[in-house]
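Colleague: prediction below, plus the sequence it came from.
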Amino acid sequence: MFDKSTWIQLPRNVLMGHGVVDELADAVDELYLTGRPFLVTSPTPNDIAGDAVRTQFDDIASVTIETASFESVERVVDAAEAADAGYLIALGGGKVIDTAKMASDSLDCGFVSVPTAASHDGIVSGRSSIPEGDTRHSVAADPPLAVVADTTILAEAPWELTTAGCADIISNYTAVKDWQLAHRLKNAEYSEYAGALSQMTAEMLVDNAESIKPNLEESAWVVVKALLSSGVAMSIADSSRPASGAEHLFSHQLDRLVPGRALHGHQVGVGSIVIEYLHSGEKGEWRDIRNALDEVGAPTTAAELGIDAETVLEALTTAHTIRDRYTILGDGVSEEAAREAATFTGVI
Ligand SMILES: NC(=O)c1ccc[n+]([C@@H]2O[C@H](COP(=O)([O-])OP(=O)(O)OC[C@H]3O[C@@H](n4cnc5c(N)ncnc54)[C@H](O)[C@@H]3O)[C@@H](O)[C@H]2O)c1
Ligand SMILES: O=P(O)(O)OC[C@@H](O)CO
Ligand SMILES: [Zn+2]
């Protein structure tokens, strides 16, 4: 008997391009939402586009947060309840979007994602990462009802944020390899569609790498399309598996060991070089990953991340413990193996 079923949650409206932040209210109108809009943002995104959002709504309330934490989620929930909010608008980087995503789950209301940086593929995903205890990885959450990604804003953001987004996408190569490995060895559920979409997204970004340059709106367009596509792959899989393998475990461990040292995308990119070496050895595609990162201007070494060699080795040798997700790290790599991989690839 056929008894499979799936529920894929995706945004209803995705607007991207030049000046689309000014169409935010139109995109919201299309969603037939009721109640008061409530803006969740952080100081810099608020300075950049807070007024552009506020002028479009008569009765908007807002809160500014500084970090992604359960305290921030609670603050948003309390403020939104006090303001009798009907829905949330998240304006900012990954931390703001993740906080609003988690808060909208608690409030049982929808939210709209307005990224100010093309720095991560959570802008559209049904995942939220809020650090809790030793946990750094994402958990399931409803995706945004709409995404409004203004390439004018994204192109003016610091270039490193865009290179972080590129690296988050390039890391899909090893994420998909890990997922396939877990499928073969541990019978982990694998989606051909989500795996193929994630891999193709990384390939298309790498094929366009030479056109990804600072201060070019076209570059923001290329990167944000890839981020959307990667987020959709996660929604199809109902898991972050298509975009998160051992390179993400490595990054989550770095977030515990040296919090705030480097951007998420940059960490997973460097992790991806080492993880590809562990997958396929000397002759594997780790040079292609390193070259792709290099071409878009993302870090390829621990030094460029501002992280010392010993911390990298600690993260590599302990990353397997942080989540029940089988990867090439298996039950853990030895320090010698980690050192060999990180040294051979020039990461340390
Ligand atoms: N939920 C998911 O599926 C998912 C996917 C990938 C990453 N993430 C999470 O997202 C976070 C990383 O996001 P991030 O790299 O955007 O970090 P972030 O949100 O901390 O933003 C980095 C900095 O950039 C600033 N910024 C944002 N837009 C700007 C602009 N236009 N101009 C100037 N400064 C600007 C922010 O204020 C912040 O200080 C991590 O916590 C990661 O775990 C989640
Ligand atoms: O589930 P995690 O490992 O947090 O991954 C989510 C996202 O960072 C994928 O790019
Ligand atoms: Zn990521």
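Modeller: Looks like it came in fine. Ligands and ions are numbered 1, 2, ... in the order given.

Colleague: for ligand 1, see how far away residue 140 is.
Modeller: From residue 140 over to ligand 1 the distance is 10 Å, taken as Cβ to the nearest ligand atom, to the nearest Å. Any C-beta I mention is one placed from the backbone N, CA and C, and that applies to glycine too.

Colleague: isn't residue 111 right next to residue 144, touching?
Modeller: Yes: the criterion here is Cβ atoms under 8 Å, and residue 111 meets it with residue 144 at 5.6 Å.

Colleague: overlap in contacts of these two?
Modeller: 90, 101 (Cβ atoms under 8 Å, 6 or more residues apart in numbering).

Colleague: the two: which is more packed in?
Modeller: The residue with more neighbours, out of residue 111 and residue 144, is residue 144; 32 against 26, by other Cβ atoms under 10 Å.

Colleague: where does the stretch 101-250 of the chain have low pLDDT?
Modeller: For the stretch 101-250 of the chain, no stretch has pLDDT under 70.

Colleague: can you show me the helices along it?
Modeller: 151-156, 159-170, 172-186, 192-207, 217-237, 246-257 (DSSP state H, counting those that start in this stretch).

Colleague: from these, which stretch is densest packed?
Modeller: Among the helices of the stretch 101-250 of the chain, helix 159-170 has the highest mean neighbour count (mean count of other Cβ atoms under 10 Å), at a mean of 27.

Colleague: between it and helix 217-237, how many degrees?
Modeller: 40 degrees (axes from the mean of the first three to the mean of the last three Cα atoms, to 10 degrees).

Colleague: quick one: name the residues of the stretch 101-250 of the chain near ligand 2.
Modeller: Counting by Cβ under 6 Å from any ligand atom, the stretch 101-250 of the chain comes close to ligand 2 at 121, 127, 129, 137, 138, 168, 240, 243, 244, 248.

Colleague: give me the longest strand you can find in the protein.
Modeller: Counting residues, the longest strand found in the chain (DSSP state E) is strand 85-92.

Colleague: I'd say residue 198 and residue 175 touch.
Modeller: Yes: counting by Cβ under 8 Å, residue 198 touches residue 175, with 6.7 Å between them.

Colleague: which residues are in contact with both of those two?
Modeller: 242, 243.

Colleague: for residue 301, the count of nearby residues, please.
Modeller: Neighbour count for residue 301, taken as other Cβ under 10 Å: 18.

Colleague: is it in contact with residue 267, as I believe?
Modeller: No: if you go by Cβ under 8 Å, residue 301 and residue 267 don't touch, sitting 12.0 Å apart.

Colleague: just the pLDDT for residue 317.
Modeller: Looking at residue 317, its pLDDT stands at 98.

Colleague: list the contacts of it.
Modeller: Counting by Cβ under 8 Å, 6+ apart, residue 317 has contacts 332, 333, 334, 335, 338.

Colleague: kindly recompute the last result at 7 Å.
Modeller: Neighbouring residues of residue 317 by Cβ atoms under 7 Å, 6 or more residues apart in numbering: 332, 333, 335, 338.

Colleague: for residue 73, grab phi and psi.
Modeller: Residue 73 has phi and psi values of phi -60, psi -40 when expressed as degrees, to the nearest 10.

Colleague: so which bits of the stretch 101-250 of the chain are right by ligand 1?
Modeller: Residues of the stretch 101-250 of the chain lying near ligand 1 by Cβ under 6 Å from any ligand atom: 116-117, 119-122, 125, 127-129, 138, 153, 157-158, 161, 164, 168.

Colleague: what's the distance between the closest residue to ligand 1 within the stretch 201-348 of the chain and residue 252?
Modeller: Here the stretch 201-348 of the chain gets closest to ligand 1 at one residue, residue 264, 4.0 Å apart by Cβ to the nearest ligand atom. Distance, residue 264 to residue 252, using Cβ to Cβ, to the nearest Å: 9 Å.

Colleague: and what of residue 74?
Modeller: Applying Cβ to Cβ to residue 74 and residue 252 gives a distance of 23 Å.

Colleague: and the contacts of stretch 163-172?
Modeller: Surrounding stretch 163-172, the residues in contact under the criterion Cβ under 7 Å, 6+ apart are 118-121, 198-199, 201-202, 205-206, 212, 223, 226-227, 230, 242-243, 247, 263-266, 268-269, 271-272, 289, 292-293, 296-298.

Colleague: and stretch 240-254, end to end?
Modeller: For stretch 240-254, the first-to-last residue distance is 19 Å (Cα to Cα, to the nearest Å).

Colleague: who touches that stretch?
Modeller: 121, 127, 136-138, 171-172, 174-179, 194-195, 198, 230, 233-234, 261, 264, 267-268, 271-272, 275, 307, 315-316, 318-320, 322-323, 327-329.

Colleague: and stretch 215-234, by the same measure?
Modeller: Stretch 215-234 is contacted by residues 10, 14, 16-18, 118, 121-127, 147, 149, 151-152, 154-155, 162, 165-166, 169, 172, 194, 197-198, 201, 204-205, 208, 211-213, 240, 242-243 when judged by Cβ under 7 Å, 6+ apart.
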